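Novice: Here's my sequence, what's the structure:
(one chain, ligands or ions: 2)
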Amino acid sequence: MYPDQDFEQLSAERPTTSGRSPEQVLHEVFGYESFRPLQGEIIHEVASGGDALVLMPTGGGKSLCYQVPALVRSGTAIVISPLIALMQDQVAALRELGVRAAFLNSTMDFEQARATEYALSTGELDLLYCAPERLIQPRTLELLHDASISLFAIDEAHCVSQWGHDFRSDYLQLAVLANEFPSIPRVALTATADERTRKEIAERLSLTEARHFISGFDRPNIQYRIAPKTNANKQLLEFIKAEHEEHCGIVYCLSRNKVDATAKMLAQKGYTALPYHAGLPANDRAHHQERFLREDGVIIVATIAFGMGIDKPDVRFVAHLDLPKSLEAYYQETGRAGRDGNPSTAWMVYGLQDVIKLRQMLEASQGNDHFKRIERQKLDAMLGLCEVTKCRRQVLLNYFGDELETPCGNCDTCLNPPETWDGTVAVQKALSCVFRTGQRFGVTYLIDVLRGSENERVKQSGHHQVSTYGIGTELSVNEWKSVFRQLVANGYLRADPEGYGALQLTEQCRPLLKGEHKVELRKDPEVKKSVGRASGGRTGSAVKDQVTDHVGWEALRACRKELADKQGVPPYVIFHDTTLFDMLERKPQTLDDLAGVSGVGAAKLEKYGEIFLAAIAQLDQA
Ligand code: ADP
Ligand code: ZN
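Specialist: Ligands and ions are numbered 1, 2, ... in the order given. From the prediction side, this is the model:
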């Protein structure tokens, strides 16, 4: 997948790295102007030999927290990472920056591994990425003892948590590092950890004395939107067409069949859409993932099997056609959008059937009562987010123990506040209709009865004679559907666990049935084309939407693509979109000017500077 790790070329390229300050490394190697919040503090802590536990949201800039100290301290930094694809990506990106990085994992043959080990022992590496199972082998530990190590970075540190969904037993054994290398600083990093998991990480990795750096969970550049499902395919197409034409994105579906059908549907409409799920041959999966990483404007349609280890910074949207089971899952999946900090959208449609299906799956699942109770709470929180009438981001962050004081202004409920209405009477009618018809019918039928349909089935059952027949003509079919959806979402009605979607009353609904409680319902928003383009974040709108000089933009992208293909790396490893955009804005004429562009460090300046200056000079002549 990546070019061979050629050490001679690397060591010839750049002399030793130590002796520089973190700020110097940031400017010279990475080409960035300043540290992000917390980054500076973490880097100073680790660079000066301290331990750290870092919690930062996806896209927050965790990698720099160990990469910079690795280049400030002398010796090799060992980075433990569970995901091979990600490891290879990071190493490729670092080598583009002229950093002496390599990896050790199961994809390499004996010769390659030996060459890498030799480079470690002779001090030719700044960073060595290593899979956990590899690291804990006695042979590797011995090697490390003989080498000069600057620090240990443990990425995805939540993998030590036995309660988390990414548990890896190899991670537990990383505790040996504290015992065997007590004087070498260790930094553990994660994006997903509540307080309990954080404690577990600290204990299991012997980091109880380490300084903790907790940055908020917020991803301000992601716009959260959740709409009632009317016609999912049509809604998805309209969304992509209006806001993300030619952008790259991920569409999540629950089942493999739906993944295939959705990918096909999008392809028929002219999009480059590729399916990804566990039922596809491994080759196809790898190929689709590769195209997603390397080409522009590819949409991946996937089950949740896709995403771990996807470090692509410019995913502009994540769309859910099915409801995730928990807010944890929702947050993790939507978090794959906008790692580069540019505006992105997390978009979802959901309907009554989704709610019913998830509730049924949960009740039918194998787990014990305790397990089911937890799962039920998680699903309730997810549904709560869907039906909320205030700022979605506030609800989301609050769930993770973070507080956002004022509404965010960048979610659908902020941008287009939903109205509420007094549903007390409607709810009474709906519940009583369920009761009068014997708790044996699904929502379509119940609405028929409420609206006094002449339907044969209603007559045959004799339900045209029950007291609730025809008492609900004041609401449309869709309005009734919304009432029932909210009743199920809020636990007043449940779907018959035996299936068939029959709705039954729960204990909770007693006071409602008697009209003792006033009930505020959410009015489903009119189906509008779109709420507006994603906004917020660092640049206001997606980079490519800000471009006015399209010819110039395409020329620079073509230049980048050619270099990327030549090196066998994804285009963003050469330069990010924001860097190209900056070039186009500033039109640098000299290498000095170009060095001032964000994301252009010394190595890239030397390697690509002239090529891009030539491309920019061409633009002015055209
Ligand atoms: P994480 O691992 O936390 O998800 P990354 O380390 O991949 O995030 O960083 C996300 C993006 O932000 C990367 O493209 C990275 O180059 C960029 N980035 C990180 N720190 C800075 C900084 N100080 N200035 C500019 N860009 C940065
Ligand atoms: Zn909001």
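Novice: So what's the residue count around the closest residue to ligand 1 within the stretch 501-622 of the chain?
Specialist: As assessed by CB to the nearest ligand atom, ligand 1 sits closest to H576 within the stretch 501-622 of the chain, at 6.0 Å. Where you see a C-beta, it was placed from the backbone N, CA and C, and this is true even at glycine. Residues lying near H576 (other CB atoms under 10 Å) number 20.
Novice: who's sitting farthest from the centroid in this structure?
Specialist: Here the centre of the chain is the reference, and by CA atoms, centre = their mean the most remote residue is Q465, at 52.5 Å.
Novice: What confidence value was assigned to that residue?
Specialist: The model reports Q465 with a pLDDT of 88.
Novice: Quick check: phi and psi on it?
Specialist: Main-chain torsions, Q465, degrees, to the nearest 10: phi -110, psi -10.
Novice: residues in contact with the closest residue to ligand 2 within the stretch 101-250 of the chain?
Specialist: Here the stretch 101-250 of the chain gets closest to ligand 2 at one residue, Y224, 7.2 Å apart by CB to the ion. By CB atoms under 8 Å, 6 or more residues apart in numbering, the residues touching Y224 are T334, A346, R392, R393, L396, N410, C411, D412.
Novice: Which ones among these lie within helices?
Specialist: Among these, the ones falling in helices (DSSP state H) are T334, R392, R393, L396, D412.
Novice: Switch those residues over to a markdown table; also include pLDDT, distance to H370 and neighbour count.
Specialist: Below are the ones in helices among the contacts of Y224 laid out as a markdown table (pLDDT from 0 to 100; distance: CB to CB, whole Å; neighbours: other CB atoms under 10 Å):
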| residue | pLDDT | distance to H370 | neighbour count |
| --- | --- | --- | --- |
| T334 | 94 | 28 | 26 |
| R392 | 95 | 30 | 23 |
| R393 | 96 | 31 | 25 |
| L396 | 92 | 26 | 25 |
| D412 | 95 | 35 | 21 |
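Novice: hang on, the earlier thing: please report how far the residue of the stretch 101-250 of the chain closest to ligand 2 lies from G335.
Specialist: Distance of Y224 to G335, given as CB to CB, to the nearest Å: 11 Å.
Novice: these two touch, right, the residue of the stretch 501-622 of the chain closest to ligand 1 and P313?
Specialist: Yes - H576 is within contact range of P313, at 6.3 Å (criterion: CB atoms under 8 Å).
Novice: Are there residues contacting both of the two? Which ones?
Specialist: D340.
Novice: I'd say G515 and Q428 touch.
Specialist: Yes - under the criterion of CB under 8 Å, G515 makes contact with Q428 at 5.4 Å.
Novice: These two: which is more packed in?
Specialist: For G515 and Q428, the more surrounded residue by other CB under 10 Å is Q428, and the numbers stand at 18 against 12.
Novice: elements contacting the one helix or strand that one maps to?
Specialist: According to DSSP states H and E, Q428 maps onto helix 424-436. On a contact count with 3 or more CB pairs under 8 Å, 6 or more residues apart in numbering; DSSP states H and E, helix 424-436 meets helix 443-450, helix 477-489, strand 503-505, helix 510-513.
Novice: Low-confidence ranges, this protein, go.
Specialist: Applying pLDDT under 70 to the chain picks out residues 1-18, 163-165, 308-309, 497-499, 526-545, 622.
Novice: Which of the three states applies to the closest residue to ligand 2 within the stretch 51-200 of the chain?
Specialist: Ligand 2 sits closest to P57 of the stretch 51-200 of the chain, with a gap of 16.6 Å, by CB to the ion. Taking DSSP: H, G, I helix; E, B strand; the rest coil as the rule, one finds P57 in the coil state.
Novice: Does it touch G335 like I think?
Specialist: Yes - using CB under 8 Å, P57 is in contact with G335, at 7.0 Å.
Novice: Overlap in contacts, the two.
Specialist: Listed as contacting both P57 and G335 by CB under 8 Å, 6+ apart are A191, R219.
Novice: Can you name the residues in contact with the helix holding Q428?
Specialist: Residues outside helix 424-436 that contact it (CB under 8 Å, 6+ apart): 441, 446, 449-450, 463, 466-468, 471-472, 475, 480, 483-484, 487, 492-493, 503-505, 509, 512-513, 515, 517-519, 521.
Novice: residue in the stretch 201-350 of the chain nearest to ligand 1?
Specialist: Closest point on the stretch 201-350 of the chain to ligand 1, by CB to the nearest ligand atom, is P313, at 4.6 Å.
Novice: Which residues are in contact with the residue lying closest to that residue once chain neighbours are set aside?
Specialist: Excluding its sequence neighbours, the residue lying closest to P313 (CB to CB, 6 or more residues apart in numbering) is D340, at 3.9 Å. Contacts for D340 (CB under 8 Å, 6+ apart) come out as G59, P313, D314, H576, D577, T578.
Novice: what's around the fifth one, how many residues?
Specialist: I take that to be D577. 24.
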